[in-house]
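**Student:** give me the fold of what follows.
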Amino acid sequence: MVGSIAAVGAGLVAIGAGLGIGLTGASAVQGIARQPEMAPKIQVTMLIAAALVEGTALFCAVICIMAK
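**Tutor:** Residues are numbered from 1 along each chain as shown. Now for the predicted structure:
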(Lines give C-alpha, C1' and ligand atoms only; values in the text may rest on other atoms or scores of the structure.)
Protein backbone atom coordinates (compact mmCIF):
# COMPACT_ATOMS: atom_id res chain seq x y z
CA MET A 1 0.00 0.00 0.00
CA VAL A 2 2.80 2.44 0.86
CA GLY A 3 4.49 1.93 -2.53
CA SER A 4 1.31 2.77 -4.42
CA ILE A 5 0.86 5.95 -2.39
CA ALA A 6 4.43 6.95 -3.24
CA ALA A 7 3.69 6.33 -6.91
CA VAL A 8 0.62 8.56 -6.73
CA GLY A 9 2.72 11.25 -5.06
CA ALA A 10 5.37 11.02 -7.77
CA GLY A 11 2.65 11.31 -10.41
CA LEU A 12 1.23 14.40 -8.75
CA VAL A 13 4.71 15.90 -8.66
CA ALA A 14 5.06 15.32 -12.41
CA ILE A 15 1.69 16.92 -13.10
CA GLY A 16 2.54 19.93 -10.93
CA ALA A 17 5.91 20.42 -12.59
CA GLY A 18 4.33 20.17 -16.03
CA LEU A 19 1.73 22.77 -15.16
CA GLY A 20 4.33 25.09 -13.64
CA ILE A 21 6.65 24.94 -16.62
CA GLY A 22 3.72 25.25 -19.04
CA LEU A 23 2.46 28.39 -17.34
CA THR A 24 5.97 29.83 -17.23
CA GLY A 25 6.46 29.16 -20.94
CA ALA A 26 3.05 30.61 -21.84
CA SER A 27 3.76 33.78 -19.89
CA ALA A 28 7.17 34.11 -21.52
CA VAL A 29 5.69 33.77 -25.00
CA GLN A 30 3.06 36.40 -24.19
CA GLY A 31 5.72 38.74 -22.87
CA ILE A 32 7.90 38.27 -25.94
CA ALA A 33 4.88 38.85 -28.20
CA ARG A 34 4.18 42.15 -26.44
CA GLN A 35 7.81 43.34 -26.26
CA PRO A 36 9.99 41.54 -28.82
CA GLU A 37 13.04 43.63 -27.92
CA MET A 38 13.04 42.08 -24.43
CA ALA A 39 13.11 38.50 -25.78
CA PRO A 40 16.66 37.61 -24.59
CA LYS A 41 16.02 38.76 -21.01
CA ILE A 42 12.62 37.07 -20.89
CA GLN A 43 14.07 33.80 -22.20
CA VAL A 44 16.85 33.76 -19.60
CA THR A 45 14.40 34.48 -16.79
CA MET A 46 12.03 31.78 -18.07
CA LEU A 47 14.80 29.19 -18.24
CA ILE A 48 15.92 29.96 -14.69
CA ALA A 49 12.34 29.67 -13.43
CA ALA A 50 11.82 26.39 -15.32
CA ALA A 51 15.04 24.99 -13.84
CA LEU A 52 13.89 25.89 -10.34
CA VAL A 53 10.53 24.21 -10.92
CA GLU A 54 12.25 21.09 -12.26
CA GLY A 55 14.65 21.02 -9.32
CA THR A 56 11.83 21.25 -6.83
CA ALA A 57 9.90 18.55 -8.67
CA LEU A 58 12.94 16.29 -8.67
CA PHE A 59 13.41 16.66 -4.91
CA CYS A 60 9.70 15.96 -4.32
CA ALA A 61 9.79 12.88 -6.57
CA VAL A 62 12.86 11.55 -4.72
CA ILE A 63 11.10 12.05 -1.38
CA CYS A 64 8.03 10.18 -2.70
CA ILE A 65 10.19 7.30 -3.91
CA MET A 66 12.17 7.18 -0.65
CA ALA A 67 8.91 6.90 1.28
CA LYS A 68 8.50 3.28 0.12
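**Student:** in whichever helix in the chain runs longest, what counts as buried?
**Tutor:** Using DSSP state H, we find that the single longest helix of the chain is helix 2-34. Using 16 or more other CB atoms under 10 Å as the test for burial, helix 2-34 gives 6, 9-10, 13, 17, 20-21, 24, 28, 31-32. C-beta here means a position set from N, CA and C on the backbone, and glycine is covered the same way.
**Student:** among the residues you listed, which two are most distant?
**Tutor:** 6 and 32 (38.8 Å; CB to CB).
**Student:** from the chain's centre, how far out does the helix or strand just after the longest helix of the chain sit?
**Tutor:** Next in sequence after helix 2-34, counting helices and strands by DSSP states H and E, comes helix 39-66. What separates the centre of helix 39-66 from the centre of its chain is 5 Å, taken as CA atoms, centre = their mean, to the nearest Å.
**Student:** what angle do helix 2-34 and helix 39-66 make with each other?
**Tutor:** 180 degrees (axes from the mean of the first three to the mean of the last three CA atoms, to 10 degrees).
**Student:** quick check: mean pLDDT of helix 39-66?
**Tutor:** On average, the pLDDT along helix 39-66 is 92.
**Student:** may I see the buried residues of that helix?
**Tutor:** Those would be 42, 46, 49-50, 53, 57, 60-61, 64, for helix 39-66 by 16+ other CB under 10 Å.
**Student:** and it, what does it pack against?
**Tutor:** helix 2-34 (3 or more CB pairs under 8 Å, 6 or more residues apart in numbering; DSSP states H and E).
**Student:** chain center to the helix it packs on: distance?
**Tutor:** The mean C-alpha position of helix 2-34 is separated from the chain mean by 4 Å, CA atoms, centre = their mean.
**Student:** nearest spatial neighbour of residue 20, chain-adjacent residues omitted?
**Tutor:** Residue nearest to residue 20 in three dimensions, not counting chain neighbours: residue 53, with 4.3 Å by CB to CB, 6 or more residues apart in numbering.
**Student:** over to residue 21?
**Tutor:** Take residue 21 and drop its neighbours on the chain: the residue closest to it by CB to CB, 6+ apart is residue 50, 5.0 Å away.
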